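K.L.:
Provide a 3D model corresponding to the input given below.
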Amino acid sequence: MRIGVYELLLILAIILILFGAKNIPELAKGLGIGLREFRKAAKEVELNDVKSVSVNESTATQGTVADDN
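P.N.:
Numbers count the residues shown, from 1 in each chain. The predicted structure follows:
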């Protein structure tokens, strides 16, 4: 199911009526800031996961080397 042009125009008209023309830019700015923070947090989580995996791999490698001696 896809949203057509008329449905999108209807949704935009309803948003305009509910929030008014003055509040829409403020809402868009807040949404943009929220998305930016979400992406930043997601990137930090991904970097932490990569670091923990590399630390675990290096620890496992060191453990097998120590076992061989």
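K.L.:
Can you mark which positions in the host helix or strand of A13 are buried?
P.N.:
When elements are assigned from DSSP states H and E, A13 belongs to helix 5-19. Within helix 5-19, no residue counts as buried by 16 or more other C-beta atoms under 10 Å. (C-beta placed from N, C-alpha, C; glycine too.)
K.L.:
That helix packs against which elements?
P.N.:
For helix 5-19, the packing partners by 3 or more C-beta pairs under 8 Å, 6 or more residues apart in numbering; DSSP states H and E come out as helix 23-68.
K.L.:
In the chain, where is pLDDT below threshold?
P.N.:
Within the chain, the ranges that satisfy pLDDT under 70 run 55-58, 60-69.
K.L.:
how about 50 then?
P.N.:
66, 68 (pLDDT under 50).
K.L.:
Report the central residue of it.
P.N.:
R39 (3.5 Å; C-alpha atoms, centre = their mean).
K.L.:
so what's that one up against?
P.N.:
Applying C-beta atoms under 8 Å, 6 or more residues apart in numbering to R39 gives no contacts.
K.L.:
Look up how far L10 lies from it.
P.N.:
30 Å (C-beta to C-beta, to the nearest Å).
K.L.:
one step back: next, the angle helix 23-68 makes with the helix holding A13.
P.N.:
Relative orientation of helix 5-19 versus helix 23-68 (axes from the mean of the first three to the mean of the last three C-alpha atoms, to 10 degrees): 110 degrees.
K.L.:
and the gap between the residue nearest to the centre of the chain and E46?
P.N.:
10 Å.
K.L.:
for V53, same thing?
P.N.:
11 Å.
K.L.:
What of G20?
P.N.:
G20 sits at a distance of 39 Å from E46 (criterion: C-beta to C-beta).
K.L.:
what does I15 give?
P.N.:
33 Å.
K.L.:
next one: K29
P.N.:
26 Å.
K.L.:
repeat for I17
P.N.:
Taken as C-beta to C-beta, the span from I17 to E46 is 40 Å.
K.L.:
Could you do F19 as well?
P.N.:
From F19 over to E46 (counting by C-beta to C-beta), the distance is 34 Å.
K.L.:
now I33
P.N.:
To E46, I33 is 21 Å away according to C-beta to C-beta.
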